[in-house]
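Novice: Predicted model, plus sequence, below.
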Amino acid sequence: MSAMPTPRTVVAPLLEVRDLRAGYGAVEVLRGVSLAVGAGEIVALLGANGAGKSTLANTLSGLVRRFGGAVRFDGRDLSDAAAASVVDAGLVQVPEGRRVFPNLSVRENLLLGAYRRGRARRDANYERVLGLFPRLRERLAQAAGTLSGGEQQMLAIGRGLMAEPRLLVLDEPSLGLAPVIVDEMFALIRALNAEGTGILLVEQNVAQSLEIAHRAYVLEQGAVRFEGLPDALLANPDLKRAYLGL
């Protein structure tokens, strides 16, 4: 395992979630979740299937209704903001399952990423994304639905970067990818963070997430069961066994 990132003290969080409750219909999935992500941090959000990780990501993005609690981003109240307003603020999600537009070309998918935010520097951001993902440059005219799973994930992240995110929410970016592509994906996440992008990493890949995260939260049944430094989580055998399956 590579060296852990240097821990950071969150003095004025870029993202602050307080006692968030949310769900679907009358079913409450999130039960009072509180967390914070500082500017330039990688924060891992871990937990088993059904723990509420994707529900949290979708609630932050304005896609799932909030029952209670608050979401603040750079001091602005986004608790009931529409999805478009969340993107306008600089909080951008790369959803689970990639969700590229399969019948549009790679180029068209990327340019759509700048529809709400980043228009002024669209061409420069486009070249930056293609520099990060040379394989996408080779497939610009190709329909996104014909790409491999790894290429579609690259496209989904590239589309998110076109919006110039201040905080990028990555929901299960390694899901369904071959091990060598997973390694590339985590190396990319570390590189994006080194350039200053804050990242909330929603993952089931515990080991590699904790290698690159500055801090971590563990969700169980819609509530935070652990928060702190990755090495503290890995040093606690009960937490590892109960919540991470390690």
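Specialist: Yes, it's here.
Novice: need the contact list for N125.
Specialist: 114, 118, 161-162, 164 (CB atoms under 8 Å, 6 or more residues apart in numbering). C-beta: built from backbone N, CA, C; applies to glycine.
Novice: 6 Å - rerun?
Specialist: Neighbouring residues of N125 by CB atoms under 6 Å, 6 or more residues apart in numbering: 118, 162.
Novice: buried sites along the helix or strand encompassing it?
Specialist: N125 belongs to helix 122-132 when elements are defined using DSSP states H and E. Neighbour counts over helix 122-132 (16 or more other CB atoms under 10 Å) mark 122, 125-126, 129-130, 132 as buried.
Novice: remind me, longest helix of the chain?
Specialist: In terms of residue count, the longest helix belonging to the chain (DSSP state H) is helix 179-194.
Novice: From the contact counts, what lies against that helix?
Specialist: Applying 3 or more CB pairs under 6 Å, 6 or more residues apart in numbering; DSSP states H and E, we find helix 179-194 packed against helix 206-212.
Novice: and the helix holding N125, C-alpha only, in CSV?
Specialist: The C-alpha coordinates for helix 122-132 follow below in CSV (Å, rounded to 0.1, in the frame of the first residue of the first chain):
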residue,chain,number,x,y,z
ARG,A,122,-15.2,25.2,-23.1
ASP,A,123,-12.5,24.7,-25.8
ALA,A,124,-9.7,24.8,-23.3
ASN,A,125,-11.5,22.3,-21.0
TYR,A,126,-12.2,20.1,-23.9
GLU,A,127,-8.5,19.9,-24.8
ARG,A,128,-7.7,19.3,-21.2
VAL,A,129,-10.1,16.3,-20.9
LEU,A,130,-8.7,14.8,-24.1
GLY,A,131,-5.2,15.2,-22.7
LEU,A,132,-6.3,13.3,-19.6
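Novice: Would you mind giving the orientation angle of that helix with respect to helix 179-194?
Specialist: If you take axes from the mean of the first three to the mean of the last three CA atoms, to 10 degrees, helix 122-132 sits at 140 degrees to helix 179-194.
Novice: helix, strand or coil for R18?
Specialist: strand (DSSP: H, G, I helix; E, B strand; the rest coil).
Novice: now the helix holding N125: mean pLDDT?
Specialist: For helix 122-132, mean pLDDT is 92.
Novice: any low-confidence regions in the protein?
Specialist: 1-11, 97, 242-246 (pLDDT under 70).
Novice: Strands of that one, start to end?
Specialist: Counting by DSSP state E, the segments of the chain that form strands are 15-24, 27-37, 42-46, 66-73, 76-77, 91-94, 167-171, 198-203, 215-220, 223-228.
Novice: JSON lines for those strands, including distance to V182 and mean neighbour count?
Specialist: Converted to JSON lines, the strands of the chain look like this (distance: least, CB to CB, whole Å; neighbours: other CB atoms under 10 Å):
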{"stretch": "strand 15-24", "distance to V182": "25", "mean neighbour count": "19"}
{"stretch": "strand 27-37", "distance to V182": "23", "mean neighbour count": "19"}
{"stretch": "strand 42-46", "distance to V182": "15", "mean neighbour count": "26"}
{"stretch": "strand 66-73", "distance to V182": "29", "mean neighbour count": "18"}
{"stretch": "strand 76-77", "distance to V182": "34", "mean neighbour count": "12"}
{"stretch": "strand 91-94", "distance to V182": "15", "mean neighbour count": "26"}
{"stretch": "strand 167-171", "distance to V182": "13", "mean neighbour count": "25"}
{"stretch": "strand 198-203", "distance to V182": "10", "mean neighbour count": "25"}
{"stretch": "strand 215-220", "distance to V182": "18", "mean neighbour count": "23"}
{"stretch": "strand 223-228", "distance to V182": "24", "mean neighbour count": "16"}
